[in-house]
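Colleague: curious how this folds, go ahead:
(2 chains)
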Amino acid sequence: MSLAEPTTHGGEKPLLDLLSDFIVELRRAGLPVSLTENLDAMEAVTHIPIEDREAFKYALGATLVKNHAHWKAFEVVFEVYFSLRGPEYEVIREGDDAAPGENGEGQQPQGGGGGMQSLTPEQLAEMLFKALMNGDAAMLAALARQAVTRFAGMEPGRPVGGTYYLYRTLRNLELDDLLEQLMEASREEAPEDLTPLEERLERDEFSDRIEQLKREIEAEIRRRLVADRGIDAMAKTLRKPLPEDVDFMHASREELANVRKAIYPLTRKLAARLARKRRHGRKGALDFRSTMRHSLSYGGVPAELKFRYPRPSKPEIMVVADISGSVAAFARFTLHLVYAISNQFSKVRSYVFIDGLDEVTRFFDGVEDIGEAIHRVNTEADVVWVDGHSDYGHAFGVFWERFNRDIGPKTTVLVLGDARNNYHASQSWILKEVQHKARKVYWLNPEPRAYWDTGDSIVGEYGNHCDGVFEVRNLRQLERFVEKLV
Amino acid sequence: MSYRFEDVASVRTMLADAKYLADEGIAGIVYLADRLGKPILVEGPAGTGKTELAKCVAEVTGSRLIRLQCYEGLDESKALYEWNYKKQLLRIQTEKDSDWSEIEDDLFSEEFLLTRPLLEAILAEDPVVLLVDEVDRLEIETEALLLEILSEYQVSIPELGTVVATQVPLVFLTSNATRELSEAIKRRCLYLYIDYPNLERERQIVESKVEGINENLADQVARIVRSIRQLDLKKHPSVSETLDWARTLVLLGIDKVDAQTATETVNILLKYRTDIDKAVKEFADNPDELVPDGA
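Modeller: Numbers count the residues shown, from 1 in each chain, chains lettered A, B, ... in the order given. Below is the predicted model:
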């Protein structure tokens, strides 16, 4: 096997070295790559030639990435490490006046991208329009390259991130109006009026193509940045948190969607663990009567001890969640979590509060559409008492007054919130009473531990009366909590 | 050892002959699994052709398909092997007088062994494809049953010793990802995620699988399904549902879908009331809806 033989296109490093660097970077990005998987990948690449880039990528993916949520992160790292390989992916430098010397290397028209520098912006826009209209993928790729050369204004060594260049390029292409123009054109082209359905389909098609163009541009910028700054530096810049490491408080909409998908399996795990505990639980207490009765057959010697059947306790869960503005992003996630939990356990009651508190169990009961449930919680639940600023003390007061009878020795109470009380009275005696009555009380705080008990946060005071206070800023921490809980 | 496939391209063409349209990733990983002798863990939404892939691979390689459907409560005696104790009892009764140690040796021989799918795949002389369907339905503890088979292609039977496969079977595990599988399983497998196909591939699938469909209709079907998948639904239409829908349209003799037919037949694509309402609203609730088609 000629493992060490093939070298990079640029002729720097042998493939195996590059591959092990690549795997190190994956690990740095947080992907769990084990030694076996590492070896598998090394073996896999001996069967798939690197020239077949797509197959090569999938071969590495299949051996190294065992969780679909990690695929995106993998793709980014892959692009950084292997984007400069293969002739068709070579950066075209003909437009870079920063490096005039390299223009002489005979990098003449490639994939239709070369001859475009002489075009006027209007012509370019027209070509782009046509390419989008006809869905010409090769042309789009070439145009993306040209657009980056022209508009991004990339200079070697400039410490600016890829998003900046992306923004500049997109702004110059004026993509916003493009969709409408395309729709206009396709309406004119059609022999008869488009039905609403057809129009809708056309629109989806065009936005898909525009998305594709954006991806091409992004990839092109990334390629150039890698060529300019080197692999290691770029890998570091582009590193993004995995879905399980995304901070709930600062998650973007897209990240939050990924987080949501991951919650469901997690609650199933929680449910499975609880169920197992119940099934394999040790035996119940000694059954004295039964033991005595059976001892009769041994002449009164209690030779055979009898135990009561374990009484499987059905876990009852009470979730008390802060949904005020300071934890808005976390609150949305919280509601998803509540929904997922209530699907898994039979007895879940949920409460939300800001400065007032209301039970919202009914909104989640038998609801198929989580979006609707959340909407109803946000609009119908009566959670504002005075001014709509968090008041944990008062909210707990309402909780105690209205629901303290429902707390039993089987109840686990989960409080979700940052304990930022706006300097109101803490009323922490309530939590103490709750802890007294309930099986366990846990507090999940979405704030970094370093911020606890600073300013108006009084999580420490409440924490005295909890069986555990956990920092839960991302899925990984939530999972750890689930594991600890059971 | 001889391989089943020449190269990645041949995997694709062979599967295409069986009317399975593999994309670059699927073909590449099937090829790799054959070369490395590793199982494939196929994950993805329901109805994207995970099980179908295993069936088609079995078909094109001329292998026998052995299938183990997983469910909660599946155990060793149903997945691996079981001693045929009735037969063992008979054996003891028929030869009461003979030497016990002799009988004992005899009792635990292959003659009294009932093979279950996993052992059967190991014992097979002919080429086989082993399909372990919906692994995520197993409890986490039961997953361990599979580990020995997946990494060593062998089964240890305490009374009998270790049975090692004479040929390496091609193993597919499928999962709908309702829960995360254990690290131990994942480590032993190649991972393949089959997502909903893109527009182009879905159209080709419709064209190849639905008889008597014309190009225009197939294109329209694929486009509508793609648009529906962009909505925020509880359950997105799967490929199999797309095919059902396309077949229905062909049966109804429709060669151009308009908002009306789409609304009337959308219940084939979507199975939840809320989803159907949403889709209908999205595609029909339009000011010019009342204008007759083509007017």
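
Colleague: against chain A, how distant is the residue in chain B sticking out farthest from the centre?
Modeller: For chain B, the C-alpha farthest from the mean C-alpha position belongs to B:Asp97; by Cα atoms, centre = their mean, that distance is 51.8 Å. B:Asp97 is 37 Å from chain A, where distance means Cβ to the nearest Cβ, to the nearest Å. From N, CA and C alone the C-beta is placed, and that goes for glycine too.

Colleague: same deal with B:Ser77?
Modeller: Taking Cβ to the nearest Cβ, one finds B:Ser77 at 19 Å from chain A.

Colleague: what's the neighbour count on the nearest residue to that residue once chain neighbours are set aside?
Modeller: Residue nearest to B:Ser77 in three dimensions, not counting chain neighbours: B:Arg116, with 7.2 Å by Cβ to Cβ, 6 or more residues apart in numbering or on different chains. Neighbourhood size, B:Arg116 [other Cβ atoms under 10 Å in any protein chain shown]: 20.

Colleague: Provide a list of residues in contact with B:Arg116.
Modeller: Neighbour list for B:Arg116: B:Leu68, B:Ser77, B:Lys78, B:Ala79, B:Leu80, B:Tyr81, B:Glu82 [criterion: Cβ atoms under 8 Å, 6 or more residues apart in numbering or on different chains].

Colleague: just list whatever residues bridge to the last one.
Modeller: Read it as B:Glu82. Note on B:Glu82: beta-bridge partners by DSSP bridges are B:Leu114.

Colleague: next, count neighbours for it.
Modeller: Burial of B:Glu82 is recorded as 16 neighbouring residues (other Cβ under 10 Å).

Colleague: hmm, it is touching B:Phe112, no?
Modeller: No. Using Cβ atoms under 8 Å as the test, B:Glu82 is too far from B:Phe112 to be in contact (9.7 Å).

Colleague: any buried residues in stretch B:204-215, and which?
Modeller: B:Ile205, B:Val206, B:Glu207, B:Lys209, B:Val210, B:Ile213 (16 or more other Cβ atoms under 10 Å in any protein chain shown).

Colleague: so what's the gap between it and the chain middle?
Modeller: 22 Å (Cα atoms, centre = their mean, to the nearest Å).

Colleague: using CSV, write out every CA atom in it.
Modeller: Provided in CSV are the C-alpha atoms of stretch B:204-215 (Å, rounded to 0.1, in the frame of the first residue of the first chain):
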residue,chain,number,x,y,z
GLN,B,204,-35.5,10.3,-10.3
ILE,B,205,-36.7,8.0,-7.6
VAL,B,206,-40.3,8.8,-8.5
GLU,B,207,-39.6,8.3,-12.2
SER,B,208,-38.0,4.9,-11.7
LYS,B,209,-40.4,3.6,-9.1
VAL,B,210,-43.8,4.7,-10.3
GLU,B,211,-44.9,3.1,-13.5
GLY,B,212,-46.6,5.2,-16.1
ILE,B,213,-45.7,8.6,-14.7
ASN,B,214,-44.6,11.3,-17.1
GLU,B,215,-41.7,13.5,-16.6
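
Colleague: give me the mean pLDDT for that stretch.
Modeller: What stretch B:204-215 shows for mean pLDDT is 88.

Colleague: can you map out the strands along the stretch 1-150 of chain B?
Modeller: B:40-43, B:64-69, B:81-83, B:113-115, B:128-133 (DSSP state E, counting those that start in this stretch).

Colleague: tabulate the ones you listed (JSON lines), appending distance to A:Val459 and mean pLDDT.
Modeller: As requested, the strands of the stretch 1-150 of chain B are exported to JSON lines (distance: least, Cβ to Cβ, whole Å; pLDDT from 0 to 100):
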{"stretch": "strand B:40-43", "distance to A:Val459": "39", "mean pLDDT": "94"}
{"stretch": "strand B:64-69", "distance to A:Val459": "49", "mean pLDDT": "93"}
{"stretch": "strand B:81-83", "distance to A:Val459": "56", "mean pLDDT": "88"}
{"stretch": "strand B:113-115", "distance to A:Val459": "59", "mean pLDDT": "88"}
{"stretch": "strand B:128-133", "distance to A:Val459": "47", "mean pLDDT": "93"}
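
Colleague: need those in JSON lines (columns: distance to B:Leu269).
Modeller: Output for the strands of the stretch 1-150 of chain B, formatted as JSON lines (distance: least, Cβ to Cβ, whole Å):
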{"stretch": "strand B:40-43", "distance to B:Leu269": "23"}
{"stretch": "strand B:64-69", "distance to B:Leu269": "26"}
{"stretch": "strand B:81-83", "distance to B:Leu269": "43"}
{"stretch": "strand B:113-115", "distance to B:Leu269": "42"}
{"stretch": "strand B:128-133", "distance to B:Leu269": "24"}
